[in-house]
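[1] Quick one, fold the following:
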Amino acid sequence: MTDRGGTTQELHRQTARIHWPELEAHFARGVVIRVAADLDLVEVAACFAGDDRVAVEKWLVSGQIGHLATGVAGEWSRTDPELWAVVVAPWVLVQESAVESRP
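    As a prediction, this is how the structure comes out:
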């Protein structure tokens, strides 16, 4: 089994900037998880990969992660923002890119 540090490094290498059209099929399958901007996408992915139920439940309850809402999907379809994503099968974790908020 990979240690948490090794898992984090591997997940960081697997992150990618993507756009909505690349996520549509995953959204239709119900596997897109939106991650709040104030969380570290790779840390969240490492918790999913390591089955850290305590951390994941805390974020779910607080609303910092959750299934991508239909309204947000519609907005992303219209605006096509640049997004960060990483796959932790079967989930696709996605976060709006900080680059989008820069002037």
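
[2] got the buried residues for the host helix or strand of Glu24?
    Take DSSP states H and E as the rule and Glu24 turns out to sit in helix 20-29. By 16 or more other CB atoms under 10 Å, the buried positions in helix 20-29 come out as Trp20, Leu23, His26, Phe27. Backbone N, C-alpha and C define where each C-beta goes, glycine included.

[3] Which neighbouring elements make contact with that helix?
    Helices and strands touching helix 20-29, by 3 or more CB pairs under 8 Å, 6 or more residues apart in numbering; DSSP states H and E, are helix 70-79, strand 83-88, strand 91-96.

[4] For the residue lying closest to Ile65 once chain neighbours are set aside, give me the pLDDT.
    Closest residue in space to Ile65, ignoring its immediate chain neighbours: Trp59 at 4.3 Å, by CB to CB, 6 or more residues apart in numbering. At Trp59, the pLDDT value in this model is 98.

[5] what's the spacing between Trp84 and Cys47?
    16 Å (CB to CB, to the nearest Å).

[6] who has more neighbours, these two?
    Set side by side, Trp84 and Cys47 show more neighbours around Cys47, with 22 against 19, by other CB atoms under 10 Å.

[7] Give me the three-state assignment for the more buried one.
    Taken by DSSP: H, G, I helix; E, B strand; the rest coil, the conformation at Cys47 corresponds to helix.

[8] What sits closest to it if chain neighbours are left out?
    In space, and not counting its chain neighbours, Cys47 is closest to Ala55: 4.4 Å by CB to CB, 6+ apart.

[9] Three-state assignment for the one you found, please.
    helix.

[10] What is the neighbour count of it?
    15.

[11] going forward, begin numbering at 502 instead of 1
    Fine by me, first position is 502 from now on; the one you just mentioned is Ala556.

[12] circling back to that earlier point, tell me which residues are up against the helix holding Glu525.
    Val533, Leu569, Ala574, Trp577, Ser578, Asp581, Pro582, Leu584, Ala586, Val593, Val595 (CB atoms under 8 Å, 6 or more residues apart in numbering).
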